[in-house]
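what follows is a predicted structure for the sequence shown.
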Amino acid sequence: MHSTASQPAHQPRPGQTPAISAILPAYNEAAIIEQSVLDMAAVLEALVHDYEIIVVDDGSRDETREVLMELAERRPDLPFRVVLHKQNQGYGAALASGFDAASKELIFMTDGDRQFDAAELARFLPALDAPTDLVIGYREKRADPPMRLLNARGWKLLVNGLFGYTARDVDCAFKLFRRGVWQSVTVHARGATFSAEFLVKARRLGFQVKELPVRHLPRTAGTATGARLDVIARAFSELFQLWRYLDAELANDRAAALAGETRMGSRRAA
């Protein structure tokens with residue numbers, strides 16, 4: 001369950017690029033989340049004519065929620081919404097809630113911990129040309145401890161080994177894609193397997209992907225949760241479920257897409 005605090009819609013400037021919903025998942029990021037939102041707003045203001053920023057607070061135990069609510073009250077000019085999970089549900093659950101709440105043509109996702117430079121979105125927008133459905137980043141040089149680097153390498157090899165080439169950096173939190181991709185793909189994972197499942201299914205359904213390098217910056221506040229044993233165990237469980245049921249789930253997605261096209265055709269004929 002989640003609740004949403006809304007702010008007025010941003011007033012577009014005509015004749016520019018498609019509108020973007022920027023999704024920032026956050027868990028215990030009170031020290032840095034306000035600046036993350038302000039940085040994102042400054043970047044989007046310079047790049048697009050219409051945008052919204054959606055922060056998903058995934059049941060933070062610190063003051064993240066209070067910081068976000070105070071920012072929304074203090075800055076009613078920002079096209080900014082907050083989705084609140086009453087309890088921590090997992091990284092994938094936070095992304096899913098944000099993607100579901102998105103209303104714009106394009107969805108951009110990055111983490112709320114400022115380990116990526118949102119300004120690099122300027123390179124991703126022109127790469128999302130007519131044949132392309134997703135532009136996903138890969139970290140040129142990860143600013144992570146050695147154990148996380150080892151875990152990430154093993155995870156990438158496992159995902160690509162099980163499902164064929166999925167991405168150079170499966171879990172890089174810097175992705176731009178058309179909202180229609182999310183609407184066409186059913187993702188069950190709500191933990192760390194979310195990005196892998198999303199990309200595997202998007203590729204299998206024929207969506208076109210480009211990959212671009214991005215800088216990865218050291219974390220300056222908060223604590224990463226990706227190396228926790230419970231997070232790792234959940235990721236392996238979700239990955240096994242994806243491997244076991246992938247063909248059946250893709251068949252359901254294709255059938256749903258076909259049914260949607262049929263309904264659209266019937267409405268047009270009427």
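Right, received. Where do you want to start? Numbers count the residues shown, from 1 in each chain.

phi, psi of residue 213?
Main-chain dihedrals, residue 213, degrees, to the nearest 10: phi -70, psi 150.

let me fix that, I meant to ask about residue 106.
The phi and psi values for residue 106, taken as degrees, to the nearest 10, are phi -110, psi 150.

who's it bridged to?
Following DSSP bridges, residue 106 is listed with bridge partners residue 20, residue 178.

so it makes contact with residue 19?
Yes. The criterion here is C-beta atoms under 8 Å, and residue 106 meets it with residue 19 at 6.9 Å. In this view, the C-beta of every residue, glycine as well, is placed from N, C-alpha and C.

can you give me the strands in this structure?
With DSSP state E, the ranges of strands along the chain come out as 2-5, 20-26, 51-58, 80-85, 106-110, 134-139, 174-178, 209-214.

contact partners of the second one?
Strand 20-26 is contacted by residues 33, 36-37, 40, 44, 47-48, 50-58, 60, 64, 68, 91, 94-95, 98-99, 101-113, 118, 176, 179 when judged by C-beta atoms under 8 Å, 6 or more residues apart in numbering.

ChimeraX command to pick out the buried ones of the residues you listed?
A single ChimeraX command is used to select the members of the contacts of strand 20-26 judged buried by 16 or more other C-beta atoms under 10 Å:
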select :33,36,37,40,44,47,48,50,51,52,53,54,55,56,57,58,60,64,68,91,94,95,98,99,101,102,104,106,107,108,109,110,111,112,113,118,176,179
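
which residues touch the closest residue to residue 105 other than its chain neighbours?
Leaving aside its sequence neighbours, residue 105 sits nearest to residue 18 (C-beta to C-beta, 6 or more residues apart in numbering; 4.4 Å). Listed by C-beta under 8 Å, 6+ apart, the contact set of residue 18 reads 48, 104, 105, 106.

where's residue 214 relative to residue 183, distance?
In this view, residue 214 and residue 183 are 25 Å apart by C-beta to C-beta, to the nearest Å.

again with residue 259
13 Å.

before we move on, what about residue 130?
Note on residue 130: its distance to residue 183, by C-beta to C-beta, is 19 Å.

pLDDT weak spots in this structure?
Across the chain, the ranges flagged by pLDDT under 70 are 1-16, 219-227, 261-270.

what about residue 207, neighbour count?
Close neighbours of residue 207, defined as other C-beta atoms under 10 Å, add up to 18.

I'd say it and residue 136 touch.
No. Taking contacts as C-beta under 8 Å, residue 207 lies outside contact range of residue 136: 11.1 Å.

in contact with the residue lying closest to residue 238 once chain neighbours are set aside, which residues?
Excluding its sequence neighbours, the residue lying closest to residue 238 (C-beta to C-beta, 6+ apart) is residue 193, at 3.7 Å. By C-beta under 8 Å, 6+ apart, the residues touching residue 193 are 92, 234, 235, 238, 239, 242.

try it again at 10 Å.
Residues in contact with residue 193 (C-beta atoms under 10 Å, 6 or more residues apart in numbering) are 90-92, 155, 159, 170-171, 187, 200, 234-242.

then residue 97?
Counted by C-beta under 10 Å, 6+ apart, residue 97 has contacts 2, 4, 23, 25, 54, 56-58, 83-85, 89, 190.

need the residues you listed in TSV (columns: distance to residue 143).
Below are the contacts of residue 97 laid out as TSV (distance: C-beta to C-beta, whole Å):
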residue	distance to residue 143
2	31
4	33
23	22
25	19
54	26
56	23
57	24
58	22
83	28
84	29
85	27
89	27
190	26
